[in-house]
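Engineer: Predicted structure and sequence below. I'll ask about it afterward.
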Amino acid sequence: MVQLAKLPPAIAQYDGAVPPPETLVTGFDSISAEQSQAWLSILAGPGFEGRGTGQLGYVRASHWVAGKVAEFGLEPMGDGGTYFQMLPMSRQTLDLTQSKLIGPTDLSIPFFKNIGFDRFSNQPEVSGKIAFVKLVGEAPKLEDNVLRDRIVVYVTDTQNEGRASFLLGRQRPAATLRVVTDEPKSTSQLQRASRGQNGNSGTISQSAAMLIVNATGGSADWLKIGEKDSVEVHQLEMDVKCQLRIREEPAAVPNVLAWQQGSDPALRDEYIVIGAHLDHLGIQGGTMFPGADDNGSGSTALLNIAKAIAANPIKPKRSVLFMWFAAEEMGLVGSAYYCDHPILPLEKMVCMLNIDMVGRNEEKKDELASENENSLHLIGSEKGDKSLKELILDANKYVNLAFEYDEEGVFGRSDQINFFKKGTSVAFLFGGFHPDYHRPTDEPSKINYKKIASAARLYYLALHMAAEHGPFKVPVAEEVKPAAEVKPAAEVKPAAEVKPAG
């Protein structure tokens, strides 16, 4: 049983808020910080293993969410009368007993217990000349293209693990292998329909790395971290190749869809979409990324809203489609798939409300977390029909969040962008940057649960108001950052170097 820290009594409203409309108070009051903590502790707990798309933890999480909305009484809206819309993906797994690294002087190292890949292309062989690299200390740098098409064995210190992977990836090597002290782990990966993976990266044990050093005539010192602030590159004119034996099988990757039918028979064929991505980075290299804020917080807020809509005696006049998206971290794949394969006509969509990372207080070098206890970013609400922003601001008088408008640059980096491209007005609630973004330290203990409940209450009211309002005007086409530019999970840059994709 998960032990929860006891929260002080709190209502999800801030000073200056006014009481909600009497007809909506039952649902409004059903949303709480305590309920949010209980649900998020499960979503970001060890049982769901970081909810990596295609991994067992995500499958468990999607079934758990489907069970909750069934408990609330919402209708299934997925394939074949289920809550699931399945994405066409397959899972690729390395056969470690049949995969091996071979090189000069009869070098042959089986992957089993020696080498693990967390990202690999679907090519049976990866080859290149060997290079040994050391990146240690403050802001190490590499000359451009010195490692292109090489197989790189590298060492780095703890503070540079993320940065080193990013720097080496920019060199476009054939493969990178980080030397580790524990047993290397391999991670299965997803293959999207008609799309392959780029790049190969993983880990190698110290003993296996030493075998390569000895076979190529290198120095054992190349594998020692040693003094700080050191950058070393040793390029050898000797060929090494990795022979990969890959197994492929269908993968269970569902969007979770639930439906509340509108109360007005004349209007219920029109609907509002409200969504949050359920996935995170899962387990990579043997490490779990809990994703409490990203996006356990948004998924929890959406559960709150679903329960509130179901519990309130007065239902929205127009219908509501609740969506927990898969594969956002792979490039907004789940929402893109729905938009290209809609279960309901897109032209009947009133608007789309998205919730991504609403559980933390924004924290930057020049901005303390304590300054953002009650703030959220309202993104994209003016890119379509500006009356959607006015509606949300009107709903906010019952919660009194402080809105900020200085993160429009991330508009193209979360799921609402795919709906916007289809001609739907959208709004995106986002909490902002913090040091634990895409880190194993994005944990439930660091969450502001009142903020999750407040975001849920805001969108609960905005949803009812949008159902009264009816269709918003089609947004004007404009240049936006395409979803394809979002880095897949295995290529994520360090938090300080990337705009959040959620």
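Structural biologist: That came in fine, so what should we check first?
Engineer: low pLDDT regions in the stretch 101-250 of the chain?
Structural biologist: 193-198 (pLDDT under 70).
Engineer: all strands for it, in order.
Structural biologist: Taking DSSP state E, counting those that start in this stretch as the test, the strands found in the stretch 101-250 of the chain are 107-110, 115-119, 125-136, 151-156, 175-180, 189-192, 201-205, 230-243, 246-250.
Engineer: Generate a markdown table for the ones you listed, with distance to Ala327 and mean neighbour count as supplementary columns.
Structural biologist: C-beta here means a position set from N, CA and C on the backbone, and glycine is covered the same way. Output for the strands of the stretch 101-250 of the chain, formatted as a markdown table (distance: least, Cβ to Cβ, whole Å; neighbours: other Cβ atoms under 10 Å):
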| stretch | distance to Ala327 | mean neighbour count |
| --- | --- | --- |
| strand 107-110 | 32 | 16 |
| strand 115-119 | 15 | 24 |
| strand 125-136 | 25 | 20 |
| strand 151-156 | 29 | 23 |
| strand 175-180 | 24 | 24 |
| strand 189-192 | 8 | 22 |
| strand 201-205 | 20 | 23 |
| strand 230-243 | 27 | 16 |
| strand 246-250 | 15 | 12 |
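Engineer: so which of those strands gets nearest Gly331?
Structural biologist: strand 189-192 (8.8 Å; Cβ to Cβ).
Engineer: Can you list the strands that the closest one pairs with?
Structural biologist: strand 89-94 (antiparallel) (DSSP bridges).
Engineer: Let me see the contact set for Ile141.
Structural biologist: Rather than Ile, residue 141 is Lys. The neighbours of Lys141, taking Cβ atoms under 8 Å, 6 or more residues apart in numbering as the test, are 167, 231.
Engineer: Could you do Glu390 as well?
Structural biologist: Applying Cβ under 8 Å, 6+ apart to Glu390 gives no contacts.
Engineer: average pLDDT across the strand or helix carrying it?
Structural biologist: Remark: Glu390 resides in helix 387-395, with elements defined by DSSP states H and E. Taken as a whole, helix 387-395 has a mean pLDDT of 97.
Engineer: any idea how far Gln260 is from the closest residue to Ala402 other than its chain neighbours?
Structural biologist: Distances taken as Cβ to Cβ, 6 or more residues apart in numbering place Ser375 nearest to Ala402, at 4.4 Å, with adjacent residues excluded. As for Ser375, its distance to Gln260 is 30 Å (criterion: Cβ to Cβ, to the nearest Å).
Engineer: More neighbours: which of these two?
Structural biologist: Gln260 (26 against 16; other Cβ atoms under 10 Å).
Engineer: now the closest residue in space to the more buried one that isn't next to it in sequence, which residues is it bridged with?
Structural biologist: In space, and not counting its chain neighbours, Gln260 is closest to Val320: 4.4 Å by Cβ to Cβ, 6+ apart. Under the criterion DSSP bridges, Val320 forms beta bridges with Gln260, Ile272.
Engineer: before we move on, the earlier item: ok, the residue nearest to Ala402 touching Phe403?
Structural biologist: Yes. The pair Ser375 / Phe403 is scored as a contact, 7.3 Å apart, by Cβ atoms under 8 Å.
Engineer: Surely Glu125 touches Val240?
Structural biologist: No. In this structure Glu125 lies outside contact range of Val240 using Cβ under 8 Å: 11.2 Å.
Engineer: distance between the longest helix along the chain and the chain's centre?
Structural biologist: Using DSSP state H to define each element, the chain has its longest helix at helix 449-469. Centroid separation for helix 449-469 versus its chain: 22 Å, with Cα atoms, centre = their mean, to the nearest Å.
Engineer: ok, now stretch 106-120?
Structural biologist: With Cα atoms, centre = their mean, you get 28 Å for stretch 106-120.
Engineer: which residues touch it?
Structural biologist: For stretch 106-120, contacts defined as Cβ under 8 Å, 6+ apart pick out 92, 94, 96-97, 99-102, 126, 177, 183-187, 189, 197, 199-205, 207-208, 211-212, 215, 240, 242, 244, 246, 284-286, 490-491.
Engineer: rerun at 6 Å
Structural biologist: Contacting residues not belonging to stretch 106-120 are listed as 94, 96-97, 99-102, 183-187, 199-205, 208, 211, 215, 284-285, 490 [Cβ atoms under 6 Å, 6 or more residues apart in numbering].
Engineer: hmm, which of those are the buried ones?
Structural biologist: Among those, those classed as buried by 16 or more other Cβ atoms under 10 Å are 94, 96, 99-102, 184-187, 199-205, 208, 211, 215, 284-285, 490.
Engineer: quick one: which of these sit in helices?
Structural biologist: Reading helices off these with DSSP H, I get 208, 211, 215.
Engineer: From Val180, how far out is the last one?
Structural biologist: By that I understand Ala215. 20 Å.
Engineer: who touches Pro140 in this structure?
Structural biologist: Pro140 touches Val231, counting by Cβ under 6 Å, 6+ apart.
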